[in-house]
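Q: sequence and predicted structure below; questions after.
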2 protein chains.
Amino acid sequence: MNKEEILIIDDEPQIRKLLEINLESQGYKVKQAETATMGLQLAANHPPDLILLDIGLPDINGQDLLVELKNWYNQSIIIISVLDNEEEIVRALDNGASDYITKPFRTNELLARIRACLNRNRIEDNKTVLTSTDLQIDLLARTVTRDNENVKLTLTEYKLLVLFAKNEGRVLTHQFILKEIWGVGFQTDTQYLRVFVGTLRKKIEQNPNKPVHIITESGVGYRFI
Amino acid sequence: MNKEEILIIDDEPQIRKLLEINLESQGYKVKQAETATMGLQLAANHPPDLILLDIGLPDINGQDLLVELKNWYNQSIIIISVLDNEEEIVRALDNGASDYITKPFRTNELLARIRACLNRNRIEDNKTVLTSTDLQIDLLARTVTRDNENVKLTLTEYKLLVLFAKNEGRVLTHQFILKEIWGVGFQTDTQYLRVFVGTLRKKIEQNPNKPVHIITESGVGYRFI
DNA sequence: CTAAATATTTACAACTTCTTTATAAGAATC
DNA sequence: GATTCTTATAAAGAAGTTGTAAATATTTAG
């Protein structure tokens, strides 16, 4: 197998060095960027398998960079943040970060996270069919079947279902879903989401009044099972 | 492993001697300070792994010293106080002390507390999954399971549980919890807390009448185990 | 260009969660 | 052991969130 490539975007040289040594010893290929601009460039030139992004960069707001990257980069981004900035971490996760780690971190912990993310990517990338007990989503054919019956979904409904299925078991916040499906700027239109969750439930749930797949997490978002 | 260092700040020589003997016999390295000034100095020079602070010092108010230390020292501080100065203990915990013990104390009790604190320090703040025997909290997925069964928590219940779990073993005062969950200005609404601790117990305890996870510390707050 | 399909918006009903009050149960103190 | 203080529980009301239907707008396909 080819060496997996990891891009580090961090302005602190010591941290980059520390990460470089550890990651290379694990057999990863490492690229480094000191600034957001440079990071974007490197990532665009030759997309890495994973990005480690320090959210507290000097030249640009890390959250903005994250949003920018997420526009086209669909592998994992793990953000590095200083401790005690819960709010920033939550925001980063909303913006599509896969995981986070706070400084100072233990290398073993970080390596475990990286392995987990890369694993997840490998699975997600290769899977063209997502299945659960009664549902089946074929990503290539763009078809959904329930109990072997074809289910007709509109584009938005389909996108929503795929997003749910790819994040099975995880609570997705309204904000996150809105951003993923409708794009940045629609984060307050939670009513869209309600309508579409409603129609989706009618199509994929046995009993739309007692949903078993799309679970409401009041005040937070939805969870797909 | 290196010897762990404990700094004792206490004006009574007998107590210092007693602690020194006991702690050294457990393999800790012990430093002593007779006054607050000296304690601060020693701590700043070479930060110990844990501080034992007698809150009733002669030269400075112990609470002030605690606040001072907490500004930059982020390991555990265990305070020693005379019995029946509940108010002072509560104030110290509010000020960020990790635990307390009242004079006269049993050495075994103190040693246990010290071990617990040092352990907690070692635990990374980075964990995205918090586990105990029967409970499991996944911070990324925002899910809680008990004996592998999913537990459905409301937003506030979840926040409360996470706060408890992140401060496992530590006494959290009512004030502190109220401030963390509801924000500044709710510190007097202890009734909220009672209600929510009640519902949480119903959901996570085997027997809510005999809670083993959320322990009441009468007059002070709660302790999560 | 028109009809059909899909998306957005509005209005309101249904439901969940939070707050408050009342009261019971339990501890601590005298 | 009675009194007082603290904590627990239940339940009602208020506030906030979510769900549904239907009207309107927009897009798509023929």
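A: Received it, and whenever you're ready, just let me know what you need.

Q: tell me which helix or strand of chain A sits lowest on mean pLDDT?
A: Scoring the helices and strands of chain A by mean pLDDT, DSSP states H and E places helix A:86-94 at the bottom, with a mean of 74.

Q: could you point out which element follows it?
A: As assigned by DSSP states H and E, the chain's next helix or strand after helix A:86-94 is strand A:99-103.

Q: what about the next helix or strand after that next one, near chain B?
A: Counting by DSSP H and E, the next helix or strand C-terminal to strand A:99-103 is helix A:107-126. Yes: shown here: helix A:107-126 in contact with chain B (Cβ under 8 Å from any Cβ of the partner chain) through A:Glu109. (Glycine included, C-beta is placed from N, CA and C.)

Q: which residues touch helix A:107-126?
A: Counting by Cβ atoms under 8 Å, 6 or more residues apart in numbering or on different chains, the neighbours of helix A:107-126 from elsewhere in the structure are A:4, A:6, A:18-19, A:22-23, A:26, A:28, A:49-50, A:52, A:75-76, A:78, A:98-99, A:101, A:166, B:124, B:126.

Q: filter these down to the buried ones and hand me the PyMOL line.
A: Remark: buried members of the contacts of helix A:107-126, expressed as a PyMOL selection using 16 or more other Cβ atoms under 10 Å in any protein chain shown:
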select buried, (chain A and resi 4+6+18+19+22+23+28+49+50+52+75+76+78+98+99+101+166) or (chain B and resi 126)
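
Q: out of the contacts of helix A:107-126, which sit inside strands?
A: Residues of the contacts of helix A:107-126 located in strands (DSSP state E): A:6, A:50, A:52, A:76, A:78, A:99, A:101.

Q: wait, which of these is closest to DNA strand D?
A: Closest approach to DNA strand D among those (Cβ to the nearest atom of the strand): A:Asp99, at 24.3 Å.

Q: OK, contacts around the nearest residue to the closest one once chain neighbours are set aside?
A: Distance criterion Cβ to Cβ, 6 or more residues apart in numbering or on different chains; nearest residue to A:Asp99, sequence neighbours excluded, is A:Ile78 at 4.8 Å. Contact partners of A:Ile78, counting by Cβ under 8 Å, 6+ apart, are A:50-53, A:97-101, A:110, A:113-114, A:117.

Q: and those, which is closest to B:Leu140?
A: A:Asp99 (6.6 Å; Cβ to Cβ).

Q: tell me the residues of chain A that contact DNA strand D?
A: Within reach of DNA strand D by Cβ under 7 Å from any atom of the strand, chain A has these residues: A:174, A:190-191, A:194-195, A:197-198, A:201, A:208-209, A:216-221.

Q: how does chain A divide into domains?
A: With domains defined by automatic domain parsing, chain A comprises A:5-124, A:127-224.

Q: point me to the residue of chain A nearest DNA strand C.
A: A:Thr154 (3.1 Å).

Q: give me the nearest residue to that residue, chain neighbours excluded.
A: Spatial nearest neighbour of A:Thr154, chain neighbours left out: A:Thr199 (7.9 Å); criterion: Cβ to Cβ, 6+ apart.

Q: helix, strand, or coil at that neighbour?
A: Three-state call for A:Thr199 (DSSP: H, G, I helix; E, B strand; the rest coil): helix.

Q: give the burial count for it, as a bare number.
A: Neighbour count of A:Thr199, defined by other Cβ atoms under 10 Å in any protein chain shown: 15.

Q: same thing with A:Leu135?
A: There are 18 residues near A:Leu135, going by other Cβ under 10 Å.

Q: hmm, A:His213 and it touching each other?
A: Yes: with contact defined as Cβ atoms under 8 Å, A:Leu135 counts as touching A:His213 (7.0 Å).

Q: so what touches the helix or strand where A:Leu42 lies?
A: Using DSSP H and E, A:Leu42 sits in helix A:36-45. For helix A:36-45, contacts defined as Cβ under 8 Å, 6+ apart pick out A:7, A:9, A:31, A:33, A:48, A:51, A:53, A:57, A:59-60, A:62, A:65, A:68-69, A:73.

Q: next: stretch A:203-219.
A: The list of residues contacting stretch A:203-219 from outside it, by Cβ under 8 Å, 6+ apart, reads A:132, A:134-135, A:144, A:146, A:151-153, A:157, A:161, A:164, A:171, A:197-198, A:200-202, A:222-225, B:142, B:154-155.

Q: which regions of chain A lie under the pLDDT threshold?
A: Scanning chain A for pLDDT under 70 picks out A:1, A:59, A:83-87, A:104, A:123-126.

Q: that one against chain B: which residues are in contact?
A: Within chain A, the positions near chain B by Cβ under 8 Å from any Cβ are A:83, A:93, A:99, A:101-102, A:105-106, A:109, A:169-171, A:217-220, A:223.

Q: are any of the residues you listed buried, and which?
A: Here, 16+ other Cβ under 10 Å leaves A:93, A:99, A:101-102, A:105, A:170-171, A:217, A:220, A:223 buried among the residues of chain A next to chain B.

Q: and of these, the nearest to A:Gln14?
A: A:Phe105 (13.3 Å).

Q: the closest one contacts A:Ile79, correct?
A: No: A:Phe105 is not in contact with A:Ile79 according to Cβ under 8 Å; the separation is 11.6 Å.

Q: tell me the residues of chain A that contact DNA strand C?
A: Neighbours of DNA strand C within chain A, by Cβ under 7 Å from any atom of the strand: A:152, A:154-157, A:182, A:189, A:191-192, A:195, A:216, A:218-219.

Q: among those, which two are most distant?
A: A:Lys152 and A:Gly219 (32.2 Å).

Q: quick check: closest non-adjacent residue to A:Val82.
A: Nearest residue to A:Val82 in three dimensions, chain neighbours excluded: A:Lys103, at 5.4 Å (Cβ to Cβ, 6+ apart).

Q: now do the SS call for A:Gln32.
A: Following three-state DSSP, A:Gln32 is assigned to strand.
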